[in-house]
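> Return a 3D structure for these sequence lines:
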Amino acid sequence: MPIHPTALVDPAAVIHPEADIGPFCVIGAEVEIGARTRLMASIFAEGPTAIGEDNIFFPYSTVGVASQDLKYKGERAFTRIGSRNRIREFVTIHRGTQGGGLETVIGDDNLLMAYSHIAHDARIGSHCILGNAVTLAGHVTIEDWATVEAFSGVHQFCRIGRHAFVGGYSVITQDVLPYSMTVTPRESKVYGANKVGLKRRGFDPEAIESLHKSFRLLGNEALNTSQAIERIREEVPATAEVEELIGFIQSARRGFIK
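Numbers count the residues shown, from 1 in each chain. Next up, the predicted model:
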């Protein structure tokens, strides 16, 4: 097991023999690190935290530390990170709280760029990209394949749907629709389907066109949301993606960005 002599590893930590712990890392009790996961240097990790296989943590990131939520009173809470994630420099990942299910969860194959912040009880799916300095407040959900560009902030309890693209410097205060391209230069606005991203991921052209028609109806100022959904059901082929979009809208607790 390659553990640098300057690293401080608590005896209660569980480190796989094929993991790599670099210089000046501090690994607390109840931290589990899977095979071939590499902590490059100066990583601080507290438990209870479970980290899967083949992850790479770049210098100065912190994992599993206590929440900044003033309601947090030291209750036992968890951080769970999957496999093949790339955690860049100065990323901060906070563990869960009593009010949010007691765990922060990150899936597989994600890229968290430098200075991004994952607050308590956040849930990130798989294949997501968070740009530099993206800030997630507590209880935020990022679904699979979503991209949030640099310096964007996401309000508590907001969701970002699957395959959504959020442009840089956006301020997200409501749910972001799946498959959408959303930017907030001055006011939050959906600019239609995330066509480029969906084409790259092999979506059928007819499915993309159905989503595009759905977004046009949702953005029609003459229609309220119920009327827009009714028109979508009447005029747009009922693809799986369109049904997912409608289901996402109907389950939104904070409203959604049109």
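> which stretches of the stretch 1-150 of the chain have low pLDDT?
Flagging of the stretch 1-150 of the chain using pLDDT under 70 yields the residue ranges 1.
> where do the helices sit along it?
Per DSSP state H, counting those that start in this stretch, the stretch 1-150 of the chain carries no helices over any range.
> Can you give me every residue that contacts the residue positioned nearest the centre of the chain?
Note on the chain: the residue nearest the mean C-alpha position is I124, at 3.3 Å, using Cα atoms, centre = their mean. For I124, the contacting residues are 105-107, 110, 118, 130, 136, 141-142, by Cβ atoms under 8 Å, 6 or more residues apart in numbering. (Each C-beta comes from the backbone N, C-alpha and C, glycine too.)
> Just send those back as TSV, with distance to S251 too.
What follows is these, written out as TSV (distance: Cβ to Cβ, whole Å):
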residue	distance to S251
V105	19
I106	22
G107	20
N110	23
I118	23
L130	23
L136	19
T141	11
I142	16
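> Closest one to R159 out of the residues you listed, please.
Nearest to R159 among these: T141, at 4.5 Å, using Cβ to Cβ.
> burial of the closest one, as a residue count?
Number of residues near T141 (other Cβ atoms under 10 Å) recorded here: 19.
> what do you get for H139?
Residues contacting H139 under the criterion other Cβ under 10 Å number 22.
> Could you pull up phi and psi at it?
Backbone torsions for H139, taken as degrees, to the nearest 10, come to phi 70, psi 20.
> Is it correct that it is in contact with T97?
No. Because the distance of 9.1 Å does not satisfy Cβ atoms under 8 Å, H139 is recorded as not touching T97.
> what touches both of those two?
120-121.
> list the contacts for P11?
Contacts of P11 were listed using Cβ under 8 Å, 6+ apart, and they are A29.
> And the contacts of the longest helix along the chain?
Longest helix in the chain, counting residues (DSSP state H): helix 205-218. Contacts of helix 205-218 with the rest of the structure, by Cβ under 8 Å, 6+ apart, involve 177, 179-180, 190, 192-193, 195, 198-199, 223, 225, 228, 231-232, 235-237, 239-242, 245, 249, 258.
> Only the buried subset of the residues you listed, as a PyMOL command please.
The following PyMOL line selects those of these that are buried, judged by 16 or more other Cβ atoms under 10 Å:
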select buried, resi 177+179+180+190+192+193+195+198+223+228+231+232+236+239+241+242+245+249+258
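> buried ones in stretch 53-68?
When neighbours are counted by 16+ other Cβ under 10 Å, the buried residues of stretch 53-68 are found to be 53-55, 57-65, 67.
> And stretch 114-133, by the same measure?
For stretch 114-133, burial by neighbour count (16+ other Cβ under 10 Å) applies to 114-133.
> what's the closest of the buried residues of stretch 53-68 to T37?
The shortest gap between T37 and any of these belongs to N55, at 4.4 Å (Cβ to Cβ).
> so the closest one makes contact with R88?
No. Because the distance of 11.8 Å does not satisfy Cβ under 8 Å, N55 is recorded as not touching R88.
> Quick check: can you list the domain ranges of this structure?
8-142, 198-250 (automatic domain parsing).
> how about those domains in a markdown table, adding distance to F157?
Conversion of these to a markdown table gives the following (distance: least, Cβ to Cβ, whole Å):
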| stretch | distance to F157 |
| --- | --- |
| domain 8-142 | 5 |
| domain 198-250 | 15 |
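> Quick check: which of those has the most neighbours on average?
Per residue and on average, the most neighbours among the domains of the chain fall to domain 8-142, with a mean of 20 (mean count of other Cβ atoms under 10 Å).
> rewinding a little: pull out the CA atoms of the helix or strand following the longest helix of the chain and give them to me as PDB.
From helix 205-218 onward toward the C-terminus, using DSSP states H and E, the following helix or strand is helix 225-235. C-alpha atoms of helix 225-235 as PDB (Å, rounded to 0.1, in the frame of the first residue of the first chain):
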ATOM      1  CA  THR A 225     -47.700  25.600 -17.400                       C
ATOM      2  CA  SER A 226     -50.900  23.400 -17.400                       C
ATOM      3  CA  GLN A 227     -51.900  24.700 -20.800                       C
ATOM      4  CA  ALA A 228     -48.400  24.100 -22.200                       C
ATOM      5  CA  ILE A 229     -48.400  20.500 -20.900                       C
ATOM      6  CA  GLU A 230     -51.800  19.900 -22.400                       C
ATOM      7  CA  ARG A 231     -50.500  21.200 -25.800                       C
ATOM      8  CA  ILE A 232     -47.400  19.100 -25.500                       C
ATOM      9  CA  ARG A 233     -49.500  16.000 -25.000                       C
ATOM     10  CA  GLU A 234     -51.700  16.900 -28.000                       C
ATOM     11  CA  GLU A 235     -49.000  18.000 -30.400                       C
END
